[in-house]
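Student: how would this look folded up:
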Amino acid sequence: MPVPPAAEYQIVAVTDPYGCNTHPLTGLTHFGSNGPTTGIVSVYRRPLPSTNLGFLTTVMWDGREPTLTQQSIDATLTHAQGNAVPTAAQQQQIVGFESGIFTAQIFDNSARDLTAAGANGGPDALASLLSGFFIGINDPLGGQSRKPAIHVANPRPVPGMERSSRTRQGKRGPRGDSTRRGPFQQRAHHHYRRGGDQRLAGPASVSGSCGTCHDTPDVGNHSVKLPINIGVANGGHDNDNLGLDISDLPVFTLACVSGPNAGKTYTVTDPGRALISGKCADVGKLKGPILRGVAARAPYFHNGSAATLQDAVNFYNLRFNIGFTVAQMQDLTAFLQSL
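Tutor: Predicted coordinates for the structure are as follows:
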């Protein structure tokens, strides 16, 4: 994508192992401190799941599509290279098909039946929830709800989802016990608002848990549209000691030349939402994906920089100074593997 017109930032430097951004035909035609950045910015993003889409509040990693309906139009004209916009009936068929596919693990080799003892494993439980009333549920970050929250912020790490891994008595075993312990006590971490890169107003940091962002009950999506910056897109020294592999990703240096963050510099592998809005405050902001079926979607994060779920858990532990023990990280990984 091109940098938006009148963006608050300029791309002043880029390194790219594949040369897409530096090639004169496919990449940036001008970048530096003298004048606006022109040309095409190429970033690398993982394909998002094509199931459980009815629960989406943010469409695409950067939220650029307002609805699945609009995405059906743009995908037809771009990816499918269609010659005409789909009819209203065709758009409805596409969205209906997308919204009718559900994925959730129903059996674990060690934890066994994930629907036993009243647990919510399997796709049928998700299909029964798709009523629209999940919008705004449990959102503690002040996002704008289209409907009132059904109940107050739930303190559980991923509201409702711990019941998806409850196991039948006598069928636990090592992995089963670890899965059951996965959603353990609240471990507070902080979303640091460095350089105003968070949408949030108020205190310098916000204390939260896994459920702060993955707050939709039994789904693990964020229940309002809210791309945020948790540091996954950091490049350069900002990525040091976080355990993520960005060696094959481009790294951009963005200099803010206008707006409230003028004078600040960001080093990122992906400008994120800022490639849509042009705002420096949106640099590095991306949505958090739905957690259901996450074990089948390695590697992790928008750019695949975490090879395994254990690597992803380790990133959070390091990024937010949570202080997990090795055993707790193993338990949380086992829990995620059962979703």
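
Student: residues touching the residue nearest to the spatial centre of the chain, list them.
Tutor: In the chain, the C-alpha closest to the average C-alpha coordinate belongs to residue 288, at a distance of 1.9 Å (C-alpha atoms, centre = their mean). Contact criterion C-beta atoms under 8 Å, 6 or more residues apart in numbering gives 213, 214, 221, 222, 228 as the residues in contact with residue 288. Just so you know, the C-beta spots here come from the backbone N, C-alpha and C atoms, and that holds for glycine as well.

Student: please redo it, this time with the cut-off set to 10 Å
Tutor: Residue 288 makes contacts with 58, 61, 210, 212-215, 220-222, 226-228, 230, 232, 301-302, as judged by C-beta atoms under 10 Å, 6 or more residues apart in numbering.

Student: now, which of these lie within helices?
Tutor: 210, 212, 213 (DSSP state H).

Student: can you redo those residues as a markdown table with pLDDT, neighbour count and distance to residue 138?
Tutor: Below are those laid out as a markdown table (pLDDT from 0 to 100; neighbours: other C-beta atoms under 10 Å; distance: C-beta to C-beta, whole Å):
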| residue | pLDDT | neighbour count | distance to residue 138 |
| --- | --- | --- | --- |
| 210 | 84 | 24 | 12 |
| 212 | 83 | 21 | 9 |
| 213 | 86 | 22 | 10 |
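
Student: redo these as a markdown table? Include distance to residue 319.
Tutor: Supplementary listing: those in a markdown table, determined by distance: C-beta to C-beta, whole Å:
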| residue | distance to residue 319 |
| --- | --- |
| 210 | 13 |
| 212 | 14 |
| 213 | 13 |
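
Student: which one of those residues sits closest to residue 3?
Tutor: Using C-beta to C-beta, residue 213 comes nearest to residue 3 of the ones in helices among the contacts of residue 288, at 27.5 Å.

Student: how near is the closest one to residue 224?
Tutor: Relative to residue 224, residue 213 is positioned 10 Å away (criterion: C-beta to C-beta, to the nearest Å).

Student: what do you get for residue 59?
Tutor: Computed with C-beta to C-beta, the distance linking residue 59 and residue 224 is 13 Å.

Student: remind me which residues of the stretch 51-200 of the chain are low pLDDT?
Tutor: By pLDDT under 70, the low-scoring segments of the stretch 51-200 of the chain are 131-133, 141-200.

Student: in it, which spans are helices?
Tutor: With helices called from DSSP state H, counting those that start in this stretch, the stretch 51-200 of the chain shows them at 68-77, 88-99, 123-127, 173-181.

Student: now, of those, which is deepest in the fold?
Tutor: helix 173-181 (a mean of 19; mean count of other C-beta atoms under 10 Å).

Student: ok, now which ones touch residue 74?
Tutor: Residue 74 makes contact with 60, 64, 65, 80, 85, according to C-beta under 10 Å, 6+ apart.

Student: now the last one. Nearest residue, chain neighbours left out?
Tutor: Meaning residue 85. Spatial nearest neighbour of residue 85, chain neighbours left out: residue 73 (5.5 Å); criterion: C-beta to C-beta, 6 or more residues apart in numbering.

Student: could you do the second one as well?
Tutor: For residue 64, ignoring the flanking residues on the chain, the nearest one in space by C-beta to C-beta, 6+ apart is residue 276 at 4.8 Å.

Student: from memory the residue nearest to residue 85 sits against residue 65, does it?
Tutor: Yes. The pair residue 73 and residue 65 passes the contact test of C-beta atoms under 10 Å, sitting 9.3 Å apart.

Student: okay, how far is it across stretch 33-48, tip to tip?
Tutor: Using C-alpha to C-alpha, to the nearest Å, the end-to-end distance of stretch 33-48 comes out at 35 Å.

Student: for it, what is the distance to the chain centroid?
Tutor: In terms of C-alpha atoms, centre = their mean, to the nearest Å, the gap separating the centre of stretch 33-48 from the centre of its chain is 19 Å.
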